[in-house]
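**Q** what follows is a protein structure lacking sequence information:
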């Protein structure tokens, strides 16, 4: 699964964009400025940098330069009509750019295109389960599983946070019901049970989606 570093200093834009990208199957880490982004670049392993040119802390150019030291592909997000900045960004090695305002699905298409050119893989393996996030296909022992939209969304949240304990409150914040129905604590329990029934060899003793008593759930690295 491809891991993205999103650098955007507007909290509302950053949160909504990160949620959308996670819903499309990407792992997303966010930073609000150049210094935070450079710290993450130095301690994390990313597949692509998505960075706004205009930052209150530093600049997108600076983050791009740091990312290129690690050989990362870069997509700039820029104000519409900012042609001079776009040219400068491409000249310094950026792989693509997208102008604001943009449609989220257009951005996803650009990200996947750059990742394909750079050879990033979109398939993640979890035991006998394989998830192709480009095609939104889940396979177990070579057989395709039929997951509802919300079951798939919950699985992506777990995969985006492998090794981390997710509280039930955090899961409820991360998911939404595409049918427009309210997702409450009881509903979450039902969907996790359904997901385990489909993914686990023994749903009564889950080895993939583990319960951390008194806290929540964890999917291991």
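**A** All right, it came through fine. The shown structure was predicted, so the numbers you read here are calculated from the model rather than taken from an experiment. Residues are numbered from 1 along each chain as shown.
**Q** from here on, contacts and neighbour counts on C-alpha atoms
**A** Fine.
**Q** could you pull out the strands in the protein for me?
**A** 3-7, 27-31, 48-52, 74-79, 96-100, 123-126, 129-132, 137-140, 143-144, 165-167, 209-212, 216-219 (DSSP state E).
**Q** how far out from the middle of the chain is the longest one?
**A** To tie it back to what came earlier, the one meant is strand 74-79. Distance of strand 74-79 from the chain centroid (C-alpha atoms, centre = their mean, to the nearest Å) equals 18 Å.
**Q** quickly run through the sheet partners of it, with directions.
**A** In the sheet, strand 74-79 lines up against strand 48-52 (parallel), strand 96-100 (parallel) (DSSP bridges).
**Q** for these, which one sits closest to residue 154?
**A** Closest to residue 154 of these is strand 48-52 (C-alpha to C-alpha; 23.4 Å).
**Q** what residues sit buried inside stretch 52-70?
**A** Across stretch 52-70, burial judged by 16 or more other C-alpha atoms under 10 Å covers 52, 53, 54, 55, 59, 60, 61, 63, 64, 65, 66, 67.
**Q** pick out the shakiest of the strands of the chain, pLDDT-wise.
**A** When those are ranked by mean pLDDT, strand 123-126 comes last with a mean of 78.
**Q** show me what counts as buried in it.
**A** residue 123.
**Q** what are the pairing partners of it, and which direction each?
**A** strand 129-132 (antiparallel).
**Q** so which of the strands paired with strand 74-79 is the most surrounded?
**A** For these, the largest average neighbour count (mean count of other C-alpha atoms under 10 Å) is found in strand 48-52, namely a mean of 26.
**Q** and for residue 95, the neighbour number?
**A** 21 (other C-alpha atoms under 10 Å).
**Q** residue 44 too?
**A** Look at residue 44: counted by other C-alpha under 10 Å, it has 11 neighbours.
**Q** same check on residue 171?
**A** Counted with other C-alpha under 10 Å, residue 171 comes out at 17.
**Q** hang on, the earlier thing: to residue 126, which of the strands paired with strand 74-79 lies closest?
**A** strand 48-52 (22.5 Å).
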